[in-house]
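>>> structure, please.
(chains A, B and C)
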Amino acid sequence: MEKFKLVKIFIILIIIIFPKTINSAEQNELLEVNWSFKGLTGKFDRNSLQRGFQVYKEVCSSCHSMQYLSYRNLGEPGGPEFSEVEVKAIAASVEITDGPDSQGEMFTRPGRPSDKFKSPYPNVNASTVANGGAYPPDMSVLVKARPGGANYIYSVLVGYEDPPAGMILDPGVYYNKYMIGNKIKMSAPLLEGIVEYTDGTQASVNQMAKDVTTFLSWAAEPELEERHKTGVKVLIYLILLTILVYLSMRRIWSRIDSEV
Amino acid sequence: MSEHDYIPKSKAGKWFNDRLPLLSLAAHLTDYPTPKNLNYWWTFGGILTFCLLTQIITGIVLAMHYVAHADLAFASVEHIMRNVNYGWLIRYIHSNGASMFFLAVYIHIFRSLFYGSYKSPREVIWIIGLLIYLLMMAAAFMGYVLPWGQMSFWGATVITNLFSAIPLVGESITTWLWGAYSVDNPTLNRFFSLHYLLPFLILGLVVLHIWALHVPGNNNPVGIDIKKPSKDTVPFHPYITIKDAFALLMFMIIFAGFVFFAPNVLGHSDNYIQANPMVTPAHIVPEWYLLPFYAILRSVPDKLGGVILMFGAIFILFVLPWLDTSKVRSAVFRPVYKQFYWIFVIDVLMLGYMGAMPAEGIYLVLARVGTIYYFLHFIVILPVVGLLEKTDPIPVSIAEPVLSGGAEPSLAKKDNGKI
Amino acid sequence: MDKPEKKTNRRDFLFTASYTVGAVGVGAIIWPLIDQMNPDKAQQALATTEVDVSQVEPGKSITVLWRGKPVFLKRRTNEEIAEARSVALNDLPDPQKDEDRVKDGKDEWLVMLGVCTHLGCVPLSDKGDYNGWFCPCHGSHYDVSGRIRKGPAPKNMEIPKYEFVNSNIIKIG
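From the prediction side, this is the model:
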């Protein structure tokens, strides 16, 4: 009989270990950051989000779109939480194409909070051609679209190195230690001091990578803080109700145990 | 149908019940004599009903916001996640709910395999159950296509392409399924329609499944026939309802764990990339609950052969009641079968693991071994073990070994229902 | 005699507590399922429309779409304004002064939702017995200030939130 208990434990172990081994093929071990938003009660670092947005705006947005975000998201709870004035200013700083007007013409106007983030290119093909045949992916859900998530994005951003001896790279191709396949057509986007943080934080490559990854993690999962908060409440509720129902069950079943 | 005639207490109730005996039905379900020795493996039927209703309710709500067009589907899902009030919650309940549904159905099926619940006179319950399982797999497959991510698109391409393996008519059938010359917008549209339909077919089959069950009554861990009602049974309400509620709550805790704290861990990151017909993902994999069949499919070098074996792996289950020749129902009293049961469980888990790996090298070898063993289990081992096995003595009744103290250690109460 | 009583009370309390806590959960689940049908955040992000009215002659009007509904922007002549202001409030089913339906200093501009307050049809302009609008669905007549004068409609046509960005552009919403 005991043999089969071992079998059951063995099976449970397989089920637990199994998922971890799936996505880790062909990749260097990723760098791991102690993200503030991981864990049951994880939250985003508000300041890091705002700095990250600045990095996105000044460095990334010239090539990468974020088509599922609207400017008003920047002011909503759970995100960078810019003030209403700041959000209006950020939106107004871009020119949005609108129309057709009553003459049938398209026109441009300053952005409003309700507008979606402006894309640097009108469509995917234009973006691909302008970037050496490699489409800079839209970043709305990029963190969820890569195995390893935030750790992967961070690792790639700081993972630019000289290629190993003997490896020849085509022009426009760079070596990256953590990119799947190790070759990437984006040159290292973050250079020391490329952004001057408005809050005075020193803009090292690691700092910018951390901030922009935090921002991208929020962009992919804006509901995260509410999800964690609700989850804790739901678990506490379920555990409470389970205890009550368990005691009720014992009470009811005691009726037959007392009959003979 | 039932032995007692229920008379409603109120005049209005009696008037209604005379015309449509719903109150009698409710009384039957309440009083339904259930073996009192059922263990927690028997709670998964109730859990599965909860899962089906959850998927239907969240699905109908999602359908109020989802757009089934290739150009808009992915964006509409993001719209649900970001803009619709509680949209993220309803979406994650639906996607993780599918996984929980299959987790429950596998435990439910493996309960039946261990305790011989598929054996006479419960063959039709078993067959209806398999039909439900088939519809579940079809519904889940089509549901996964709807977000129109890379895995949605390429998984649909791989599986629909299988039909082209059918000789003579294969290509035409595949084109007919697609409504186009590849997986495209027409395919998405019809998958949405059918994905909405199938759960209601499942609901109908579930009614038949429970109806068929209520004829002989539940099996039980000891596998013996019990007279009902008797001191071996308890009324379904409140004894079983409260126990099912407790089990369901434990299940919901695990469910909530996934929904709120790890909502994407059971999925694949590639499905957050929009479908691109020009770029194939490095490894196309279905959701975890389809992996064993995927492994069987890929273990055969011939395309048609792989299709035949994959479907064969499911269809062989239909004839299980006739393949298993043992006169003893429950594995509790079948020491040899019990060991083969656990080997079979490990085999299925291994096949699942291989389904997630690239179909090459040691993974392919093990997938082939697992596939061969899978069919060996049903075609050879079950019939032979059933005929040759020396089973343990079976108790006369559920209550009896408790009262008499029983000379046989295997009849002692603590053994009843323990695997 | 005392003991069975006590046992019953404790058992009842446990069952009552279980049902109650369970009911709270069911209620908590119902709310998201209902609220998801309310306007989502994108709808709520008050969509505003800016209208260039520089080309509209006195006596003429234009219609624009705002939040899915038609908005009439009418530039009234002095005669029409005088006519609107000469009506006694007692004669109006929904008494309201014309001055209260326009912006200060912009009396010629009437900006209102072109939706009949009866059952929601779009009234026809320059029709009806009061020089204003006529709703063909059930025969409501509105005057040159968009107020109901005759017919089944209970209220004057609604004035939405709007402002003059400059003398040529009106922003609605």
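>>> for chain C, see how far away B:Met354 is.
For B:Met354, the distance to chain C (CB to the nearest CB, to the nearest Å) stands at 39 Å. In short, each C-beta sits where N, CA and C put it, glycine included.
>>> buried residues, the helix or strand where that residue lies. List them.
Here B:Met354, judged by DSSP states H and E, is contained in helix B:335-356. Neighbour-count burial for helix B:335-356, counted by 16 or more other CB atoms under 10 Å in any protein chain shown, picks out B:336-338, B:340-342, B:344-356.
>>> quick one: stretch C:82-100 to chain centroid distance?
Chain-centre distance of stretch C:82-100: 20 Å, with CA atoms, centre = their mean, to the nearest Å.
>>> returning to that earlier point: just the buried residues of helix B:335-356 that are near chain A?
Intersecting these with the surroundings of chain A, defined as CB under 8 Å from any CB of the partner chain, gives B:338, B:342, B:345-346, B:349, B:352-353, B:356.
>>> I'd like to know how many residues surround residue 150.
Answering for chain A, as no chain was given. 23 (other CB atoms under 10 Å in any protein chain shown).
>>> that was the other one, I meant chain B.
For B:Gln150, the count of nearby residues is 21 (other CB under 10 Å).
>>> just give the nearest non-adjacent residue to residue 55, would you?
The chain I'm using is chain A. Sequence neighbours aside, A:Val212 is the residue nearest to A:Val55 in space, at 4.1 Å (criterion: CB to CB, 6 or more residues apart in numbering or on different chains).
>>> you answered for a different chain; I wanted chain B.
Using CB to CB, 6+ apart and skipping residues adjacent in sequence, the residue nearest B:Gln55 is B:Gly97, 5.3 Å away.
>>> A:Leu157 too?
A:Ala209 (3.9 Å).
>>> next, count neighbours for that neighbour.
Based on other CB under 10 Å, the number of other residues close to A:Ala209 is 23.
>>> quick check: it touching A:Gly159?
No - counting by CB atoms under 8 Å, A:Ala209 does not reach A:Gly159; the two are 9.5 Å apart.
>>> which residue does chain B bring closest to chain A?
With CB to the nearest CB, the shortest gap between chain B and chain A falls at B:Phe260, namely 2.6 Å.
>>> did I read that right, that residue in a strand?
No - counting by DSSP: H, G, I helix; E, B strand; the rest coil, one finds B:Phe260 to be helix, located in no strand.
>>> burial count for the closest residue to it other than its chain neighbours?
Counting by CB to CB, 6+ apart, A:Gly231 is the residue found nearest to B:Phe260 once chain neighbours are left out, at 2.6 Å. For A:Gly231, the count of nearby residues is 19 (other CB under 10 Å).
>>> where does chain A dip in pLDDT?
Residue ranges of chain A with pLDDT under 70: A:1-27, A:257-260.
>>> where along it do the strands fall?
Shown for chain A, the strands assigned by DSSP state E span residues A:95-98, A:107-110, A:174-175, A:183-184.
>>> of those, which is nearest chain C?
strand A:107-110 (8.2 Å).
>>> need the residue closest to the centroid of the chain.
Defaulting to chain A. Chain A has A:Ser217 as the residue nearest its centroid, 2.4 Å off, counting by CA atoms, centre = their mean.
>>> I was after chain B.
What sits nearest the mean C-alpha location of chain B, by CA atoms, centre = their mean, is B:Val105, with 3.0 Å.
>>> surely it touches B:Tyr133?
Yes - counting by CB under 8 Å, B:Val105 does reach B:Tyr133; the two are 6.3 Å apart.
>>> tell me where the stretch 151-260 of chain A has helices.
Remark: helices assigned in the stretch 151-260 of chain A by DSSP state H, counting those that start in this stretch are A:205-220, A:224-258.
>>> among those helices, which is the most enclosed?
Across the helices of the stretch 151-260 of chain A, averaging neighbours per residue (mean count of other CB atoms under 10 Å in any protein chain shown) puts helix A:205-220 on top, at a mean of 25.
>>> between it and helix A:224-258, how many degrees?
Put simply, helix A:205-220 runs at 60 degrees to helix A:224-258, going by axes from the mean of the first three to the mean of the last three CA atoms, to 10 degrees.
>>> which strands or helices does helix A:205-220 pack on?
If you count contacts as 3 or more CB pairs under 8 Å, 6 or more residues apart in numbering or on different chains; DSSP states H and E, helix A:205-220 packs onto helix A:46-55, helix A:149-158.
>>> which residues of the stretch 1-150 of chain B lie near chain A?
Contact residues (CB under 8 Å from any CB) of the stretch 1-150 of chain B with chain A: B:36, B:75, B:78-79, B:81-82, B:88-89, B:92.
>>> go with 7 Å
B:36, B:75, B:78, B:82, B:88 (CB under 7 Å from any CB of the partner chain).
>>> shouldn't B:Gly179 be in contact with B:Asn185?
No - counting by CB atoms under 7 Å, B:Gly179 does not reach B:Asn185; the two are 8.4 Å apart.
>>> now for those two: what residues contact both?
By CB atoms under 7 Å, 6 or more residues apart in numbering or on different chains, B:Gly179 and B:Asn185 have no common neighbours.
>>> one step back: now tabulate the strands of chain A in CSV and tack on distance to chain B and mean neighbour count.
Output for these, formatted as CSV (distance: least, CB to the nearest CB, whole Å; neighbours: other CB atoms under 10 Å in any protein chain shown):
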stretch, distance to chain B, mean neighbour count
strand A:95-98, 18, 13
strand A:107-110, 23, 12
strand A:174-175, 20, 16
strand A:183-184, 14, 16
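>>> output those as TSV; include the columns distance to chain C.
Formatted as TSV, those follow (distance: least, CB to the nearest CB, whole Å):
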stretch	distance to chain C
strand A:95-98	10
strand A:107-110	8
strand A:174-175	38
strand A:183-184	34
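>>> residue in the stretch 101-250 of chain A with the shortest distance to chain C?
As assessed by CB to the nearest CB, chain C sits closest to A:Ser114 within the stretch 101-250 of chain A, at 3.9 Å.
>>> how many residues are close by the residue nearest to that residue when sequence neighbours are not counted?
Distances taken as CB to CB, 6+ apart put C:Ala45 closest to A:Ser114, at 3.9 Å, once the chain neighbours are dropped. When neighbours are counted by other CB under 10 Å, C:Ala45 registers 18.
>>> wait, B:Phe114 sits on B:Ala331?
Yes - with contacts counted by CB under 7 Å, B:Phe114 reaches B:Ala331, the gap being 4.8 Å.
>>> between those two, what contacts are shared?
Taking CB under 7 Å, 6+ apart as the contact rule, B:Phe114 and B:Ala331 both touch B:Tyr341.
>>> include pLDDT when you put the residues of the stretch 1-150 of chain B next to chain A into a markdown table, please.
Listed next are the residues of the stretch 1-150 of chain B next to chain A as a markdown table, based on pLDDT from 0 to 100:
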| residue | pLDDT |
| --- | --- |
| B:Lys36 | 93 |
| B:Ala75 | 98 |
| B:Glu78 | 98 |
| B:Arg82 | 97 |
| B:Trp88 | 98 |
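>>> give me the pLDDT value at B:Pro292.
pLDDT for B:Pro292: 97.
>>> any idea how far B:Ala165 is from it?
Noted for B:Pro292: a distance of 20 Å to B:Ala165, by CB to CB, to the nearest Å.
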